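>>> Take this sequence and fold it.
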Amino acid sequence: MVSMVSRFPVDKLFRSAVAKVPKGSVSSLGCMLSMSTQSPRYNGQVRSASSSIREPKYWANPDRRQYKFWNRDDKSFTKEKYSYLLEISPESLKRDARIISLNAPDDAETSALYKEGATLPLSAHFHGHGQTLEDFAHLKDLPAAQHPTTLFVSPSCPNARKQLPQILAAFPSIQWVHVRSAGIDFLISDELAEFQESVYFTNAKGQFSSSLAEYVMMSCSYFAKDLPRLMKNQNNQFWDPYEIEELRGKTLGIVGYGDIGRACAKLASVYGMRIVALRRHPYLSRDDPYCDIVYGRDADSLHKLMGESDYIVCSAPSTVETRGMVNAEAFDHVKQDAVLINLGRGPVIDQAAMTNALQSRKLKGAALDVFAQEPLPKDDLLWKLDNVLLSPHNMDQTATFMAEATDFFLQENLPRFLCGEDLLNPVDVQAGY
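Prediction:
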């Protein structure tokens, strides 16, 4: 394992050395430095999904050499390194990429792949976009060597769950599927799971984490400082000093400690909060500097977390295993006056049981950005509860978030694919995340 001290000066050396070498003679230098700072190559082939996605070591700690997840705020590795490498060192190219995209026709962000003036990396070619297998039927008439190798999937594509397995079956040449969202529940099916061993799947994990972490801290403050009372008093011109609650020293429990959960922990730790987390594989957070305690994802551990947390963040993905995980029994164990914050997926929480806990004031309040049914029906009781902060599943929707997610594909993972290097953000479609 290469230490942080030795790894990153090499990246700086790479750029400074390139600046001093004539452009025509820089290719071998680029290849040499790339090989010296990266984990083993794929030997020009996409690694078998089972050998990389299920490989647990080095996943938990971003300081370790083979950390495989991207975050736009993480400065621990050189972003867009391979995009730069392809520009100055064409010999770094190991294969080409023939790209197709599943997206709605009005998806402006995905059009960055194919609109007039679009710039793709060296040896990347766009072969078409559509919403169904029929939209790509003409590609079957091309020689096999020109069949697509890369499939970009946008959440804007209607019925993508049905279309994706059909396209993969029709084009066995596809080696890599990239999903332009963090959640992949809109794609999961038994049919898709059959391709886990033959196709490499990645997503946009890390793109939305910082904005959702900000939402969590805003929600904590909303209840800790009693903002509804503050705003009501201001509206009524009523001077009414009252005691507020500190976040410092409070316990933040995180159900689903992935990239979003970790971003929440990082920000909450700055506030002086104690962090307890629950995840499927606790050993992945063994060296995590933000967690005080990490539990496994069993019922007893969930109940323990619910009982000791002042604020509970649910950032778990929606999978067969997690749907309804935070149920009535879990709310029976919840700490009196705890606040629940759901930003992951609505079906993970038993909404009826949560509503009962809110009505009975067992829960002090809830900040909800996701729901079991979206849009939330107008007759749902949650609209009327005074201890609920509702948002329409938009707390990660910055002005540039989708464009940045597309840029991650174009500028980070696609150049890695072309250079035969490890792709970031691997997804296990059988596990659902």
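
>>> Validate this expectation: Leu340 resides in a strand.
Yes - using DSSP: H, G, I helix; E, B strand; the rest coil, the assignment for Leu340 is a strand.

>>> who's in contact with it?
The neighbourhood of Leu340, defined by C-beta atoms under 8 Å, 6 or more residues apart in numbering, consists of 312, 314, 334, 349, 354, 357, 363, 365-368. Heads up, the C-betas are built off the backbone N, CA and C, glycines and all.

>>> cutoff 6 Å now
Contact partners of Leu340, counting by C-beta atoms under 6 Å, 6 or more residues apart in numbering, are 312, 363, 366.

>>> Just the ones in strands from the residues you listed, please.
Cross-referencing the contacts of Leu340 against strands under DSSP state E gives 312, 363, 366.

>>> Run a quick neighbour tally on the last one.
Think Ala366. Neighbourhood size, Ala366 [other C-beta atoms under 10 Å]: 24.

>>> surely it meets Leu389?
No - with contact defined as C-beta atoms under 6 Å, Ala366 does not count as touching Leu389 (7.2 Å).

>>> Show me the helices in the stretch 101-250 of the chain, by range?
160-170, 190-193, 209-224, 227-235 (DSSP state H, counting those that start in this stretch).

>>> Quick check: phi and psi at the closest residue to Tyr290 other than its chain neighbours.
Nearest-residue entry for Tyr290: Ala265, 3.9 Å, with adjacent residues in sequence omitted and distances by C-beta to C-beta, 6 or more residues apart in numbering. Note on Ala265: its backbone torsions stand at phi -60, psi -40 [degrees, to the nearest 10].

>>> so how far is Asp288 from Ala265?
Here the criterion is C-beta to C-beta, to the nearest Å. By it, Ala265 lies 8 Å from Asp288.

>>> Those two: which has the busier surroundings?
Just comparing Ala265 and Asp288: by other C-beta under 10 Å the higher neighbour count belongs to Ala265, 25 against 18.

>>> quick one, what contacts the nearest residue to Asp107 once chain neighbours are set aside?
Counting by C-beta to C-beta, 6+ apart, Ser156 is the residue found nearest to Asp107 once chain neighbours are left out, at 4.2 Å. Under the criterion of C-beta under 6 Å, 6+ apart, the contact list for Ser156 reads 103-104, 107.

>>> residue contacts, Ala328?
Here Ala328 is in contact with Ala353 (criterion: C-beta under 6 Å, 6+ apart).

>>> chain center to the helix or strand hosting Glu329, what's the gap?
Mapping Glu329 onto the secondary structure by DSSP states H and E places it in helix 328-332. Averaged C-alpha coordinates place helix 328-332 at 28 Å from its chain's average position (C-alpha atoms, centre = their mean, to the nearest Å).

>>> What separation is there between the spatially most central residue of the chain and Ala182?
Most central in the chain under C-alpha atoms, centre = their mean is Lys205, positioned 2.0 Å from the mean C-alpha point. Lys205 sits at a distance of 5 Å from Ala182 (criterion: C-beta to C-beta).

>>> List the buried residues for stretch 191-204?
Neighbour-count burial for stretch 191-204, counted by 16 or more other C-beta atoms under 10 Å, picks out 192, 195-196, 199-204.

>>> Where strands are concerned, which of the residues you listed count?
When the buried residues of stretch 191-204 are checked against strands (DSSP E), the matches are 200-202.

>>> how about those in CSV, adding pLDDT and distance to Phe136?
As requested, those are exported to CSV (pLDDT from 0 to 100; distance: C-beta to C-beta, whole Å):
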residue, pLDDT, distance to Phe136
Tyr200, 96, 20
Phe201, 97, 19
Thr202, 96, 20
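
>>> Just give me the closest of those to Glu87.
Proximity of these to Glu87 was ranked by C-beta to C-beta; the top entry is Thr202 with 22.5 Å.

>>> Name the nearest residue to that closest one, sequence neighbours excluded.
Asn425 (4.6 Å).

>>> you'd agree the one you found is up against Ala204?
No - distance between Asn425 and Ala204: 7.0 Å, which falls outside the contact criterion (C-beta under 6 Å).

>>> residues near Pro375, how many?
Using other C-beta under 10 Å, Pro375 has 9 neighbouring residues.

>>> Quick check: the nearest residue to Arg248 once chain neighbours are set aside vs Glu308, distance?
Using C-beta to C-beta, 6+ apart and skipping residues adjacent in sequence, the residue nearest Arg248 is Gly272, 3.6 Å away. Look at Gly272 and Glu308: by C-beta to C-beta, they are 17 Å apart.
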